[in-house]
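# what's the 3D shape of this:
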Amino acid sequence: MKRRGFVFTLDAVLALLVVLIFITSVTAIATNSNQVYMTQVQIQNKVVAQHILDTMRTVPLSNLVSPTKIDEWISLGVLNLTYVTPQMPPLQIVATYWALSTKYPQFKTYAEIILGYLLRDLAKGYNYQLIINNYTSPYLTFNNSYANASEVGSATIMVSGYVSNQLPRGYVAKAYITKLITLQERLIGIQRVLAGAFYGWWGDYNSLNVTFSVRLPDDANVTNGTLNLATRSGEYVYFYINGNLVTRTGVSGLNVTGYIKNGTNIFSADFTYAPYWAREIGFGSGSWIFMSYRTSYPSVPNPGLVKLYTIRSSHTGIYYLNSLFVPGNVTGISMKLTVSGVSTLRIYYSNGSALNLLYTKVLNPATTNTVVISNSTLVSALERYTTLSDLSRKNFNLVIALDAYYNSRAEEMEYEGQDYNISATQERVLYGYPYSYINITYVPRIKINKFMIPLSNMYTLSPYGTVAYWNGLPTGITFSYYLPQEVIPWYVDVWTAIQFTGWPTGTLTLYEGYGGSVKVFDEPLDLYLIRVAYTRLLNTIMVPGQVNTFRFVSNNIDYTFRYSDSRAIVHYFLNGYAPYGNVFPYYAQNNACGYNLTYYYNLSGTVYNGTVLIGNCRPTQRPLSLSASQLKPKEYALDNAIFRLFVQLGAKNETTYLPGTAQNPIAVDLQGLQVEAIGIRNVPTSISPIEVTLRVWRG
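All right, here's what the predicted structure looks like:
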């Protein structure tokens, strides 16, 4: 029995040992597996840390932060251009500041500000700690929990303050325009104004007068003026420019250059007769004025301030369609209207197929009345039919109806004095700006600064799509345009002329971009269409450096375009400022103080040459005479600044034909150009290497 018990006990012990060995093995395997997993996470974090350090060692600061932030740091002294430039990589700037910090302690803080800003972006999603020569600070740490961190990935590099194969010190330069001459082109679409054609019991002819003004700069040299006046067949209109009668009928592309002047121009139209079958008199779609002029004061009107016309109807109510557009996100709309002889004021919003009532005000027609419609009143009414976001995508229509209303059943306007209350045949007047206006507040898509130069180009339109058998007109219109490489696109504005039969329904589609291949939006057929305007809603449209094509097409054969009466204009900006560039060993050729530079420009299809003084020459110094083709932008700071500025002024970025040459002209006539240069040579010649360590980990 004892022997058996011994054997049994030994067997049990051996079995227990086997089990323990197995458990220990499993535990060891599990433990080793866990250690492998942690190592992989640490390796991943180390790769992240190394990538961030490599980026900050090799990529220029100007490529990592916005120009606005660069300018802010320059103005605050965080980027001290005596010692560093935005084109230096961040860690090179830090090494330079660290070397100077014994003499200027604030430079260490500047280095921390720059690195802290970058780390918040580059290490997003990680906790981090950056150590420079065993120094760190709250600027350089996110979630100060390194003592309790796990799975930390760490990378270390040495920085000397110099970039391999680059001279450590030299010159940097920036250039900007102080005075210039540009060719400005303006396409002024005439909003649609109508009145009842007849009045009273006997159906006598009503008359309608529309007057508005356009101001040009005081130094404007007018080079072209063209009038397109779309009227109904048989309608009489007398059109005046600055008191001169230029036509007695509707016209297509009438040359009126000799009548337009600098300063304020007054345009006036008298509609005095309509054929018996017409219910209305006034402007049709496809009415516009084009003007081009040279000026040294390029500017653009505020698209959000709509200066209303002065309108006089001798006996009937008035319909005034305003197609509105702002290049940004609409935040509010308000109106001020001053009228006399008006009993009822109405405001409508057009959805393309009908008019929707927004506002009504009953007035005393025996007096002059000023009506202010607040933003809250108008927008709350608009939001029953649309949203401010939708109004921001393209142009939209608001109708001012003075003693007129929209008959939804008949789908037409009815005019007091003609269609109802035919004894109410008093004169009705809307007094134009500054007594009447529409104000649209908006957040611009482009922030305009003093160095941005507005330019625009007008285009004729061609037929596109299917040709209708009943009038021979196409169902679409198209044009193509080129934007220079470095421009800032603003908006496209097309004043259209349409013609349809019946009350067609369907869809209008806008295509844009390369080859007109990008679908931008669809919308219902717009029976009130006089304009199509839009900003750069997609990155694939209005693309600089390529030909873009506009196509606007209806899918209904009964809805067509009078393409010969339509015109388009493309607005964009040049940037007249080239910031500090790379560091170059020399300032200018032949140690010159500056250049008397011959360059070439093209304002309107013809290339001319001009000269401009560039540099910082004292009265006793003589600039070097040079042509744009002789610039060496890879060798000299001044040449490089000129090269970069000329690219931004409309020339192509290439070295085969340098910017500003006859084969690659700029788009402005330079009258004054300023260059500022800095010799970066005050940093100690010997900078001890600094050690930079970055630790990253997940929370």
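# which parts of the longest strand along the chain are buried?
Longest strand in the chain, counting residues (DSSP state E): strand 170-189. Neighbour-count burial for strand 170-189 flags 170-177, 180-189 (criterion: 16 or more other CB atoms under 10 Å). All C-beta spots, glycine's among them, are computed from the backbone N, C-alpha and C.
# next SSE after it?
Once strand 170-189 ends, the next helix or strand along the chain (criterion: DSSP states H and E) is strand 192-196.
# show me what that next one is packed up against.
Strand 192-196 is packed against strand 208-216, strand 280-282, strand 310-313, strand 318-324, strand 412-415, with contacts defined by 3 or more CB pairs under 8 Å, 6 or more residues apart in numbering; DSSP states H and E.
# could these be laid out in a markdown table, adding mean neighbour count?
Formatted as a markdown table, those follow (neighbours: other CB atoms under 10 Å):
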| stretch | mean neighbour count |
| --- | --- |
| strand 208-216 | 19 |
| strand 280-282 | 26 |
| strand 310-313 | 24 |
| strand 318-324 | 23 |
| strand 412-415 | 21 |
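# of those, which is nearest Tyr464?
Distance to Tyr464, taken as CB to CB, is lowest for strand 318-324 among those, at 21.4 Å.
# strands along the stretch 551-699 of the chain, start to end?
559-561, 567-575, 577-578, 594-602, 607-615, 624-627, 669-680, 690-697 (DSSP state E, counting those that start in this stretch).
# which one of those lies closest to Asp121?
strand 690-697 (13.7 Å).
# Ile498 contacts Leu529, correct?
Yes: if you go by CB atoms under 8 Å, Ile498 and Leu529 touch, sitting 5.2 Å apart.
# got any residues that touch both of those two?
Residues touching both Ile498 and Leu529 (CB atoms under 8 Å, 6 or more residues apart in numbering) are Ser285.
# helices along this structure, start to end?
2-58, 67-76, 90-100, 106-122, 375-382, 388-391, 637-648 (DSSP state H).
# now do the buried residues in the fifth one.
By that I understand helix 375-382. Residues 377-379, 381-382 are the ones in helix 375-382 that count as buried (16+ other CB under 10 Å).
# which strands and helices lie in contact with it?
Applying 3+ CB pairs under 8 Å, 6+ apart, one finds that helix 375-382 contacts strand 328-340, strand 344-350, strand 355-362, helix 388-391.
# tabulate those (JSON lines), appending mean neighbour count, mean pLDDT and distance to Gln40.
Listed next are the helices and strands packed on helix 375-382 as JSON lines, based on neighbours: other CB atoms under 10 Å; pLDDT from 0 to 100; distance: least, CB to CB, whole Å:
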{"stretch": "strand 328-340", "mean neighbour count": "20", "mean pLDDT": "97", "distance to Gln40": "46"}
{"stretch": "strand 344-350", "mean neighbour count": "21", "mean pLDDT": "98", "distance to Gln40": "61"}
{"stretch": "strand 355-362", "mean neighbour count": "17", "mean pLDDT": "98", "distance to Gln40": "63"}
{"stretch": "helix 388-391", "mean neighbour count": "15", "mean pLDDT": "96", "distance to Gln40": "46"}
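# which one of these lies closest to Leu461?
Evaluated over these, closeness to Leu461 peaks at strand 344-350, with 22.6 Å, by CB to CB.
# quick revisit: of the helices and strands packed on helix 375-382, which is nearest Thr211?
strand 328-340 (14.4 Å).
# for the closest one, enumerate the helices and strands it packs against.
strand 344-350, strand 368-373, helix 375-382, helix 388-391, strand 396-402, strand 428-431, strand 437-444.
# can you list contacts of the fourth one?
What it means is helix 388-391. By CB under 8 Å, 6+ apart, helix 388-391 touches 329-331, 379, 382, 396.
# would you list the residues you listed in a markdown table and tack on distance to Arg215?
Output for the contacts of helix 388-391, formatted as a markdown table (distance: CB to CB, whole Å):
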| residue | distance to Arg215 |
| --- | --- |
| Asn329 | 28 |
| Val330 | 25 |
| Thr331 | 27 |
| Val379 | 30 |
| Leu382 | 30 |
| Phe396 | 26 |
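# mean pLDDT per helix and strand in this structure: which one sits at the bottom?
helix 2-58 (a mean of 53; mean pLDDT, DSSP states H and E).
# re earlier: okay, the longest strand of the chain in CSV with CA atoms only?
This file holds the C-alpha atoms of strand 170-189, laid out as CSV (Å, rounded to 0.1, in the frame of the first residue of the first chain):
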residue,chain,number,x,y,z
GLY,A,170,24.0,86.2,-47.8
TYR,A,171,21.2,88.4,-49.1
VAL,A,172,17.4,88.1,-49.3
ALA,A,173,15.1,90.5,-51.2
LYS,A,174,11.5,91.3,-51.6
ALA,A,175,9.8,93.4,-54.3
TYR,A,176,6.4,95.2,-54.6
ILE,A,177,4.7,97.6,-56.9
THR,A,178,4.2,101.2,-55.8
LYS,A,179,2.6,102.6,-59.0
LEU,A,180,1.4,101.1,-62.2
ILE,A,181,-0.9,101.5,-65.2
THR,A,182,-3.4,98.8,-66.0
LEU,A,183,-6.1,98.2,-68.6
GLN,A,184,-9.4,97.9,-66.7
GLU,A,185,-12.4,96.2,-68.4
ARG,A,186,-15.9,96.6,-67.0
LEU,A,187,-19.1,94.8,-68.2
ILE,A,188,-22.1,96.6,-66.7
GLY,A,189,-25.2,94.5,-67.1
